[in-house]
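In: structure here, sequence nowhere to be found:
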């Protein structure tokens, strides 16, 4: 069978692989940016308490949206849920970018390397992706992204902190960037890892969405909340955007089990933040140890670090695999390593201390 031409040409999404067994080593998965601490106990209990598996869930996760609206102090109607932030993004691209009746493709601009799913989502919708290389320090080149705007640009994606390179945008630079972008272009602030940011000038995405009708904020329960297996995400935007998002939103995308767990996690947000702080401290410990070992890596504000290994990326991943550590190589570019359990982090640090090469950033 022959799929659509655009589908046949799509790159395949490559998820982080599980660790392979190695004699003498406890295996650890550091390849998918998962939360090693898992969900808070109340969320785990909420899963067990769901007794309505024979019933359809709320069509648009209305109960969760009410809880989010109350906690974030945003209108209920400004929230649209999806199956993870990727599901929310897919709905948004479907609504705002594609191929016009004249056969001309809309353009979607994003930094690269960034989230691997971006080109897949954009091309599947029938739009043209415009990848703007990140700077050598792994940061978005916002000036170049502004220069890439044309009369066909419909959407711009800002990933902060950037996955997989790690740096986060600042509120000041995003504010200035928005001044250069026409109001008819949707600007998405993808904040899958925002809870882990500890920079001096973090992006206040909710303030920007309130100030700009074309700004959309994407968030997820997969990372900080430890609910990656349940797929819960959401978009926040003004009615100029959400009125259209609801038309393409997948009904029942958030299951009853997922909604219950997400709401329980929200009601214990202080515990969530405590777990995030534990991961942040481990992240900083890992980054400091790598610097002491002679590595020059981008500043990371997520729950992972990026090793700019270039052609040695696959070799490093194999070396990690020999010690039962699963990491995420991007062939020819680098390796992303999630912050995991302390023992896993210790083993990773020791590998970095002994691995030859240790490339720096020019």
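Out: Here it is on my side, so go on. All figures in this text were calculated on a predicted structure; none of them were measured in a lab.

In: residue 217: what secondary structure?
Out: When classified by DSSP: H, G, I helix; E, B strand; the rest coil, residue 217 comes out as strand.

In: who are the contact partners of it?
Out: 188-189, 191, 205-206, 208-209, 235-237 (C-beta atoms under 8 Å, 6 or more residues apart in numbering). C-betas here are computed from N, CA, C, even on glycine.

In: give me the subset of those lying in helices.
Out: Counting by DSSP state H, the part of the contacts of residue 217 found in helices is 205-206, 208-209.

In: scan those residues and report the most crowded one.
Out: Among those, residue 205 has the most neighbours (other C-beta atoms under 10 Å), with 24 neighbours.

In: related to what we said a few turns ago, closest to residue 257 out of the contacts of residue 217?
Out: residue 235 (21.4 Å; C-beta to C-beta).

In: does the closest one have beta-bridge partners, and which?
Out: Here residue 235 sits in beta bridges with residue 80, residue 218, going by DSSP bridges.

In: quick one: residues contacting it.
Out: Applying C-beta under 8 Å, 6+ apart, we find residue 235 in contact with 79-80, 82, 88-89, 91-92, 216-218, 241-242, 245.

In: which one of those is nearest residue 291?
Out: residue 218 (31.0 Å).

In: quick one, what contacts that closest one?
Out: Going by C-beta under 8 Å, 6+ apart, residue 218 touches 85, 88-89, 92, 188-192, 233-235.

In: ok, now with 10 Å
Out: Counting by C-beta atoms under 10 Å, 6 or more residues apart in numbering, residue 218 makes contact with 82, 84-89, 92, 157-159, 188-192, 194, 205, 233-237.

In: most widely separated two among the ones in helices among the contacts of residue 217?
Out: The distance between the two most remote of those (C-beta to C-beta) is 7.3 Å, for 206 and 208.

In: which residues do those two both contact?
Out: Common contact partners of residue 206 and residue 208 (C-beta under 10 Å, 6+ apart): 189, 215, 217.

In: might you list the low-confidence residue ranges for this protein?
Out: Scanning the chain for pLDDT under 70 picks out the ranges 12-13, 358-362.

In: thinking again about what came up before, ok, the contacts of residue 217 vs residue 258, which is closest?
Out: Distance to residue 258 across these (C-beta to C-beta) is lowest for residue 235, with 16.2 Å.

In: so that closest one versus residue 159, what's the distance?
Out: From residue 235 across to residue 159, the span is 15 Å (C-beta to C-beta, to the nearest Å).

In: name whatever forms a beta bridge with the nearest residue to residue 158 once chain neighbours are set aside.
Out: Distances taken as C-beta to C-beta, 6 or more residues apart in numbering put residue 189 closest to residue 158, at 5.2 Å, once the chain neighbours are dropped. Beta-bridge partners recorded for residue 189 (DSSP bridges): residue 158, residue 217.

In: give me the number of residues near residue 189?
Out: 25.

In: what ranges does this protein have for its strands?
Out: Secondary structure of the chain (DSSP state E): strands located at 28-29, 79-82, 107-112, 128-133, 153-159, 186-190, 215-220, 233-236, 304-307, 325-326, 328-330, 334-338.

In: give the other helices and strands that the fourth one contacts.
Out: The reference is to strand 128-133. Contacts defined by 3 or more C-beta pairs under 10 Å, 6 or more residues apart in numbering; DSSP states H and E place strand 128-133 against strand 107-112, helix 117-124, helix 142-147, strand 153-159.

In: could you check the angle strand 153-159 makes with that strand?
Out: Going by axes from the mean of the first three to the mean of the last three C-alpha atoms, to 10 degrees, strand 128-133 is angled at 40 degrees with respect to strand 153-159.

In: tell me the strands beside strand 128-133, with direction?
Out: strand 107-112 (parallel).

In: quick one, the partner strand and strand 186-190 angle?
Out: 30 degrees.

In: how far off centre is strand 107-112?
Out: For strand 107-112, the distance from its own C-alpha centre to the chain's C-alpha centre is 15 Å (C-alpha atoms, centre = their mean, to the nearest Å).

In: and it, which residues are buried?
Out: By 16 or more other C-beta atoms under 10 Å, the buried positions in strand 107-112 come out as 107-112.

In: mind putting those residues in TSV, distance to residue 300 included?
Out: TSV is the format used below for the buried residues of strand 107-112 (distance: C-beta to C-beta, whole Å):
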residue	distance to residue 300
107	30
108	26
109	24
110	20
111	16
112	18
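
In: who's in contact with the residue nearest to residue 158?
Out: Residue 189 sits next to 156-160, 169, 174, 178, 203-206, 208-209, 215-219, 236 when contact means C-beta under 10 Å, 6+ apart.

In: distance of it from residue 279?
Out: In this structure, residue 189 and residue 279 are 22 Å apart, going by C-beta to C-beta.

In: and for residue 56?
Out: Using C-beta to C-beta, one gets 35 Å for the distance from residue 56 to residue 279.

In: okay, those two: which has more neighbours?
Out: Taking neighbours as other C-beta under 10 Å, residue 56 and residue 279 compare with residue 279 leading, 22 against 10.

In: so which of the strands of the chain gets nearest residue 139?
Out: strand 107-112 (8.4 Å).

In: got the angle between the closest one and helix 117-124?
Out: 160 degrees.

In: nearest the middle, which residue of this structure would you pick?
Out: Central residue of the chain (C-alpha atoms, centre = their mean): residue 192, 4.0 Å from the mean position.

In: residue 23 - how many residues pack around it?
Out: Residue crowding around residue 23 was assessed by other C-beta under 10 Å; the count is 5.
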